[in-house]
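*Asks:* what follows is a predicted protein model with its sequence.
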Amino acid sequence: MAGRIEDYALIGDMQTAALVCRDGTVDWLCLPRFDSHAIFAGLLGTGEHGFWRLGPAYAPGAEPPASARRTYRGDSLILESEWDTPRGTVRVIDFMPPRDGAPQLIRIVEGVSGRVPMRSELRMRFSYGRVVPWVHKQEGRTVAVAGPDSVWFDTEAETYGKALTTYADFTVAPGDRVAFTISWEPSHKEPPALPEPEQSLVATEDFWRDWVEHCTYHGPYREAVVRSLITLKALTYAPTGGIVAAPTTSLPEDIGGVRNWDYRYTWLRDAAITLSSLLRTGYREEARAWREWLLRAVAGDPENLQIMYGIAGERELGEAELDWLPGYENSTPVRVGNGAAHQLQLDVYGEVTEALHLGHMTGLARNDYASVLQLKLIRYLEDHWNEPDEGIWEVRGPRRHFVHSKVMAWVAVDRTIKLIESGDADGPLERWKQLRDDIHRDVCEKGYDKERNTFTQSYGSPELDASLLLIPQMGFLPPDDKRVIGTIEAIQRELSTSDGFILRYPTDGKDEGVDGLPGDEGAFLACSFWMADDLAMIGRVDEARKLFEKLLSLRNDLGLLAEEWDPRLQRQVGNFPQAFSHVPLIDTALRLTASGAYGG
């Protein structure tokens, strides 16, 4: 059985990522890309669906022991796990070197004290656990082959096969170092070069140290901000600049329920806000690469902007269910692909335009096509902003006039007006100023409940929605507007959990709710960070700081956050780690630091 979501560590090479549990088991790895088929899918099933455990030997039938300590080596993505055993202490170093050739996952066992018996158990199962590969020796190396894929296993330890699993049993004493590497290569090509684990470790540490040095934030929350930035960098597909929402699929928002989605794609919304955080912390190169990815992804058809694309800009992300996988803690179905790709979500026009605007304001080198794209997006919005859509939360129910979508349409028009006024683009300025006023008036008349003094989720609906917290952050209304304050206080009353975190919107348990799905979900962490931001903006800075630091306490021991927090089970839920949680963490830290609202 897989561990709790927060029991996992992330390692990656900025093209794919692996999740490593506390007991030294790699339960998730897709090769060669984030969205490729998994060779270890035990996270969504059982050990029969693939895993790689490396740790102290244990008795047959017993549970493998969890590490006593684990940490990332400095500001890097190199994981160090230590076990204290009756026979001594041992350390395992896990990392994936930034890629220059075949993707590699390297694991180095280091003896610390005593003499510790160790075991490696490698069970590769291709195609999300469905295919048992042909494992054989080739020129002294172990290789697993199935269809187009081959995975090469290299180690100086002696290995043997048993029950379709490759084992290595060995003992380490102080100073001993035993390395294990798996490398992927298309099966029709020559074998990958022999790994050089120790040199790769040095190079990987150098890479992360050099990258972190560019961070311009030096405030009181630097540890949390830097770890979040490293996580966002790890979720960036280096060859194209696309940013995945998370490296996993189908980790449930509701344990045992159906709210299980594939997040290994680039949502324009998530990527745009990630770009915003990177720009504000000194990372212009990542911002430039994302802008280039965006221009390629939407080239030729900007009027039909999708809400998400593949990491290389692919448009077709057809959704399917993997019925041979029992799901994480029996949460089914397990889905790959995402049918929401072709939904109409008008807010993405605002998020993309805001990201382009921020890049322009922070000195990102001008790109003429980016300005052309922005003008084309507004021309589309002119004709479609007043249509119903599926909204930010990708509801599977009927389309509605979501207030947040209209607000972000206003943002798109407003930022484009600013672009024209700066002299960097030409457009019908007066006409679009009138459009901006029309959208603003429409939202304030149809999306605001005067009796309750709050904006609502959609026109004419009684429900609230945490996305309304973005109204002051986007500049739609000033923070001291009574309607903004009323909305913040209403969301606190009606969408707060027992421990003070924020739900996205109401759900109805067994019945289908406003999102067209049965079941409930946890508190959405991004929304809780938005609440902290809003509280700071309206002058309740002490309350904002306390909420922010309470949110920081939800991170696992390595500083990682999933999508949601389940207040009933007191655990993280949803895909992991989640860009949409780490981005607002950075944003809130910057706001609180600027306001001086931090403890100690």
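*Replies:* Everything's here; your move.
*Asks:* from Val20, how far off is Phe206?
*Replies:* One correction, residue 206 is Asp, not Phe. For Asp206, the distance to Val20 (CB to CB, to the nearest Å) stands at 22 Å. In this view, the C-beta of every residue, glycine as well, is placed from N, C-alpha and C.
*Asks:* for those two, indicate the residue with more neighbours.
*Replies:* Neighbours were counted for Asp206 and for Val20 using other CB atoms under 10 Å; Val20 has more, 29 against 12.
*Asks:* got a list of what the closest residue in space to that one that isn't next to it in sequence touches?
*Replies:* What sits nearest to Val20 in space, not counting adjacent residues and going by CB to CB, 6 or more residues apart in numbering, is Ala9, at 4.6 Å. By CB atoms under 8 Å, 6 or more residues apart in numbering, the contact set of Ala9 is Leu19, Val20, Cys21, Arg70, Tyr72, Leu79, Ser81, Asp94, Leu558, Leu560.
*Asks:* does the last one count as helix, strand or coil?
*Replies:* What that stands for is Leu560. coil (DSSP: H, G, I helix; E, B strand; the rest coil).
*Asks:* contact partners for it?
*Replies:* Counting by CB under 8 Å, 6+ apart, Leu560 touches Glu6, Tyr8, Ala9, Leu10, Arg227, Thr231, Phe576, Pro577.
*Asks:* by neighbour count, which of those residues wins?
*Replies:* Ranking these using other CB under 10 Å puts Pro577 first, with 31 neighbours.
*Asks:* distance check, that one against Asn556.
*Replies:* Distance of Pro577 to Asn556, computed by CB to CB: 9 Å.
*Asks:* ditto for Phe548
*Replies:* Counting by CB to CB, the separation of Phe548 from Asn556 is 17 Å.
*Asks:* looking at these two, which is more packed in?
*Replies:* More crowded of Phe548 and Asn556, by other CB under 10 Å: Phe548, with 27 against 19.
*Asks:* helix, strand or coil: sort out the more buried one for me.
*Replies:* Following three-state DSSP, Phe548 is assigned to helix.
*Asks:* how about it: what's its closest non-neighbour residue?
*Replies:* Ala532 is the one closest to Phe548 (CB to CB, 6+ apart), at 4.4 Å.
*Asks:* what's near enough to touch the one you found?
*Replies:* Applying CB under 8 Å, 6+ apart to Ala532 gives the contacts Ala544, Arg545, Leu547, Phe548, Leu551, Thr588, Leu592.
*Asks:* test my guess that the third one contacts Cys527.
*Replies:* Read it as Leu547. No - if you go by CB atoms under 8 Å, Leu547 and Cys527 don't touch, sitting 11.4 Å apart.
*Asks:* below-threshold pLDDT in the stretch 401-550 of the chain: ranges please.
*Replies:* Across the stretch 401-550 of the chain, residues meeting the criterion (pLDDT under 70) sit at 508-520.
*Asks:* just the strands in the stretch 1-150 of the chain please.
*Replies:* Secondary structure of the stretch 1-150 of the chain (DSSP state E, counting those that start in this stretch): strands at 9-12, 17-20, 25-30, 38-40, 51-56, 69-72, 79-85, 88-95, 104-114, 116-123, 134-138, 141-146, 149-155.
*Asks:* got the CA coordinates for the strand or helix carrying Arg436 in CSV?
*Replies:* Secondary structure assigned from DSSP states H and E places Arg436 in helix 429-446. Extracted C-alpha coordinates of helix 429-446, given in CSV (Å, rounded to 0.1, in the frame of the first residue of the first chain):
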residue,chain,number,x,y,z
LEU,A,429,-8.4,52.4,-27.2
GLU,A,430,-11.7,54.2,-26.7
ARG,A,431,-13.7,51.2,-27.7
TRP,A,432,-11.9,49.0,-25.4
LYS,A,433,-12.1,51.4,-22.5
GLN,A,434,-15.9,51.3,-23.0
LEU,A,435,-15.7,47.5,-23.1
ARG,A,436,-13.8,47.5,-19.8
ASP,A,437,-16.5,49.8,-18.2
ASP,A,438,-19.3,47.5,-19.6
ILE,A,439,-17.8,44.4,-18.1
HIS,A,440,-17.2,46.1,-14.7
ARG,A,441,-20.8,47.4,-14.6
ASP,A,442,-22.2,44.0,-15.6
VAL,A,443,-20.3,42.2,-12.8
CYS,A,444,-21.3,44.8,-10.2
GLU,A,445,-24.9,44.6,-11.2
LYS,A,446,-25.4,40.9,-11.8
